[in-house]
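K.L.:
Here is a sequence together with a model predicted from it:
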Amino acid sequence: MPTLAEMMAKARRAVLRQGISDQDADELVQDAFLKVEQYQQTTVGRSQEALLITAAVNLSIDRHRRNARAPFAHRDDLHAIADSAPGPAEIVEEQARLRHVARGLERLPERTRRILLSRRLDNMSYADIARAEQMSVAAVEKQVARATLQLMDWMASW
């Protein structure tokens, strides 16, 4: 006579063959075991193993049918289908943050601001900026670094 662990493993394999995920298979086998235990309190069955496997497979079929009728009704990952758009409070906060950044950019010298925006927003290379501004590449790199640090300090106070 097989042990309980062997019966549970066999029922799990049967459920997995039905296309059920590993995690769901464990849950279905546990549910099937509880149903068989409840059934055997009032009725004598011939084979506990056969009852367990049959119950587990039937539960997996029921789950497939339920998911086919209402695919989102019993999802464990409902947060994955939730709207990920920011809420009104987040929008207001981000708008305030952008206004603060804009004020920080306005505090930079014109040339430094132009260089920083060319690098960060226009994605221009240091060499292209250096040619446009008639500066060395090293000077452009220093301007970008200096402006970035000033903006970081500005935003840290926000």
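P.N.:
That came through fine.
K.L.:
make it CA atoms for all contacts and neighbour counts henceforth
P.N.:
OK.
K.L.:
Show me where this structure has its helices.
P.N.:
All helices of the chain, identified by DSSP state H, fall at 4-16, 22-42, 48-69, 88-107, 110-120, 126-133, 137-156.
K.L.:
can you redo these as JSON lines with mean pLDDT?
P.N.:
Formatted as JSON lines, the helices of the chain follow (pLDDT from 0 to 100):
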{"stretch": "helix 4-16", "mean pLDDT": "88"}
{"stretch": "helix 22-42", "mean pLDDT": "87"}
{"stretch": "helix 48-69", "mean pLDDT": "86"}
{"stretch": "helix 88-107", "mean pLDDT": "93"}
{"stretch": "helix 110-120", "mean pLDDT": "94"}
{"stretch": "helix 126-133", "mean pLDDT": "95"}
{"stretch": "helix 137-156", "mean pLDDT": "94"}
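K.L.:
could I get those helices as a markdown table with mean neighbour count?
P.N.:
Below are these laid out as a markdown table (neighbours: other C-alpha atoms under 10 Å):
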| stretch | mean neighbour count |
| --- | --- |
| helix 4-16 | 18 |
| helix 22-42 | 16 |
| helix 48-69 | 18 |
| helix 88-107 | 13 |
| helix 110-120 | 17 |
| helix 126-133 | 16 |
| helix 137-156 | 15 |
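K.L.:
show me the contacts for the residue lying farthest from the centre of the chain.
P.N.:
Ranked by distance from the centre of the chain (C-alpha atoms, centre = their mean), the top residue is Val44, with 47.7 Å. Contacts for Val44 (C-alpha atoms under 8 Å, 6 or more residues apart in numbering) come out as none.
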